[in-house]
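Colleague: Here is my input; please provide its structure:
(chains A and B)
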Amino acid sequence: MDIETVKERAGPREFSPADDLPREYREAATRMIQFHANSEVMGGYLDKEFTRMAPSLDRKLACTAKCQDEIGHAQLLYRAAESLGVKSREQMLDELQNGQGKFLNCFHYPVDSWYEAPMIDFFVDGGAMRRQATLKNTSWEPYAHAMDKVCFEEGFHVKHGEDILRELMRSSKANQERTQEVFEQWWPRILQFFGPTNDESHHDDFAQQVGLKTVSNDELRNSFLNMYVPKAEKYGLEIPEYPRIFERDDGTMAVREDDLDWDEFWTIAKNDYPGSEEQIGSRRQRQEAVSWVRESMDDWETGGGRAAAGAD
Amino acid sequence: MIWEVFRQEEPGDRHTHCGNVHAPDEEMATLFAQVQHGRRMQTNSLWVAPKEEIGEVDADDTEFGGTTDKSYRWAITYNNIDASFAEEVAESEADQEEHAEKRGGT
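Modeller: A predicted model of the protein is given here:
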């Protein structure tokens, strides 16, 4: 199939591993799904910090369940990416380990307090879910199938995240103030979660033409604002003055893009931010610490394990 | 030899199990699968897999979902929160609720 045919046929769940797709499509889809899978891994690693910080056993259980879900989502996504025939799962995991693999901006900022839990679990996950719901209509069928399961599970994450925010904002004045403080720190990062404006996004056009993406960054960010600003306000959070949010003629909200720090965003996009190093390095250590598990499974698969067992 | 047959109705759908056929090899299995399972029902694609290659674990072997109370991992547990503000969150919750009923409650 040539690229023109791909563009003509592009639609929800249109292409599967049975189709002979041009390299351009397969590479773009791999880049997008690998990024998504990496983000699930790095999000899971960030989130695991909250298990330790959580103030009650119920919260700890929910936090571990959420981490487990995120790592599971990564596995589904690496499979969906692998089925494009461009990179193996092993290769993508190695790239994440050696700092080449890219992932969402919000997961480059190490967390150090429970007050940050609702920033990730409610706002970032809420934003991610907005995007993921639209990806149920992506043109790469295995990706869409992965999204069915991901979206099924994410409702718990977002509601649990909101429940934490509600709890914090109804507790002591000190807790409310500290939540407000971290909210101010996280709010611009959350708005950048959706990426740059449409004309600055390198991959947006092509991804939309071939049906990998169905909704633009701007549309997603604006719909997120319309849903989540009222939520923040409901719990008594004050939206910072900058970046400025304005109401458009049709009554929907948008952000003044120039108010956001795009230098920081692009530094993060290259994995060059101090936090990037910390997060990637901390995962690398964990990855190395459990390498013996992967190795023993590989040995078993290739027959070494059976032979050894037989010798006993 | 028995081959299990999986049918996909429309492009983009999942392949779901629809029956099996007797056939001496994969080629014949795909042919018989077409004849027996691809003619009347809407079909876009069929998969065949040797029955003996399919592993199974069922409810007699294990307790799916675990043996402890895991209500903390379901959206419906957080009932102070109204999910209706975002359709994708509400939809996820509704799906989870439906499956919880099928499982016989959480």
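
Colleague: Give the buried residues for the lengthiest helix in chain B.
Modeller: Using DSSP state H, we find that the single longest helix of chain B is helix B:87-103. The neighbour-count check on helix B:87-103 (16 or more other CB atoms under 10 Å in any protein chain shown) flags B:Glu88, B:Val89, B:Ala90, B:Glu91, B:Ser92, B:Glu93, B:Asp95, B:Gln96 as buried. Using the backbone N, CA and C atoms, a C-beta is placed for each residue, glycine as well.

Colleague: Domain map for chain B?
Modeller: With domains defined by automatic domain parsing, chain B comprises B:2-53, B:57-106.

Colleague: Can you lay out those domains as CSV showing mean pLDDT and distance to A:Leu168?
Modeller: As requested, the domains of chain B are exported to CSV (pLDDT from 0 to 100; distance: least, CB to CB, whole Å):
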stretch, mean pLDDT, distance to A:Leu168
domain B:2-53, 94, 41
domain B:57-106, 88, 13
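
Colleague: The longest helix of chain B packs against which elements?
Modeller: Contact partners of helix B:87-103 among helices and strands, from 3 or more CB pairs under 8 Å, 6 or more residues apart in numbering or on different chains; DSSP states H and E: helix A:125-134, helix A:141-169.

Colleague: can you tell if the last one touches chain B?
Modeller: Yes. Helix A:141-169 lies within reach of chain B by CB under 8 Å from any CB of the partner chain, at A:141, A:144-145, A:151-156, A:158-160, A:162-163, A:166.

Colleague: Show me which residues of that helix are buried.
Modeller: So for helix A:141-169, counting by 16+ other CB under 10 Å, buried means A:141-147, A:150-169.

Colleague: I'd say A:Gly126 and B:Ala86 touch.
Modeller: Yes. Taking CB atoms under 8 Å as the definition, A:Gly126 is a contact partner of B:Ala86 at 6.7 Å.

Colleague: And A:Tyr235, how far from A:Gln180?
Modeller: To A:Gln180, A:Tyr235 is 10 Å away according to CB to CB, to the nearest Å.

Colleague: my bad, should have said A:Lys66
Modeller: Taking CB to CB, one finds A:Lys66 at 24 Å from A:Gln180.

Colleague: Between these two, which is the more surrounded one?
Modeller: A:Lys66 (27 against 18; other CB atoms under 10 Å in any protein chain shown).

Colleague: and the more buried one, that one's in a strand?
Modeller: No. A:Lys66: not assigned to a strand; according to DSSP: H, G, I helix; E, B strand; the rest coil it is helix.

Colleague: what's the closest non-adjacent residue to it?
Modeller: A:His157 (5.4 Å; CB to CB, 6 or more residues apart in numbering or on different chains).

Colleague: just to revisit the earlier point, which one of the residues of helix A:141-169 next to chain B is nearest chain B?
Modeller: A:Gly155 (2.6 Å; CB to the nearest CB).

Colleague: my read: the closest one touches B:Ala86, true?
Modeller: No. Taking contacts as CB under 8 Å, A:Gly155 lies outside contact range of B:Ala86: 9.3 Å.

Colleague: Just to check, the residue nearest to A:Lys66 is in contact with A:Val124?
Modeller: No. A:His157 is beyond contact range of A:Val124, at 9.8 Å (criterion: CB under 8 Å).

Colleague: how about the spatially most central residue of chain A, secondary structure?
Modeller: Centroid-nearest residue in chain A, with CA atoms, centre = their mean: A:Ser39, separated by 4.2 Å. Three-state call for A:Ser39 (three-state DSSP): helix.

Colleague: which ones are touching it?
Modeller: By CB atoms under 8 Å, 6 or more residues apart in numbering or on different chains, the contact list for A:Ser39 reads A:Phe103, A:Leu104, A:Phe107, A:Ala128.

Colleague: ok, those vs A:Ser291, which is closest?
Modeller: Of all the contacts of A:Ser39, A:Phe103 has the smallest distance to A:Ser291: 20.8 Å, by CB to CB.

Colleague: Sort out which residues of stretch A:66-82 are buried, please.
Modeller: Quick answer for stretch A:66-82 (16+ other CB under 10 Å): A:66-67, A:69-71, A:73-74, A:76-82.

Colleague: what about the residue nearest to A:Thr51 when sequence neighbours are not counted, neighbour count?
Modeller: Distances taken as CB to CB, 6+ apart put A:Cys63 closest to A:Thr51, at 4.2 Å, once the chain neighbours are dropped. Residues near A:Cys63, counting by other CB under 10 Å, number 23.

Colleague: SS state for A:Cys63?
Modeller: helix.

Colleague: Roughly how far does the most centrally placed residue in chain B sit from B:Arg40?
Modeller: Nearest to the mean C-alpha position of chain B, counting by CA atoms, centre = their mean, stands B:Thr16 at 6.6 Å. Remark: distance between B:Thr16 and B:Arg40 (CB to CB) = 16 Å.

Colleague: Could you pull out the helices in chain B for me?
Modeller: For chain B, the helices defined by DSSP H cover B:26-37, B:87-103.

Colleague: Ok, the stretch 101-250 of chain A next?
Modeller: For the stretch 101-250 of chain A, applying DSSP state H, counting those that start in this stretch gives helices covering A:117-118, A:125-134, A:141-169, A:173-192, A:204-209, A:217-234.

Colleague: lowest-confidence stretch among those?
Modeller: Mean pLDDT across those is lowest at helix A:204-209; the value there is a mean of 88.

Colleague: Against which helices or strands is that helix packed?
Modeller: Checking 3+ CB pairs under 8 Å, 6+ apart, helix A:204-209 ends up next to helix A:23-53.

Colleague: Cool, thanks, signing off.
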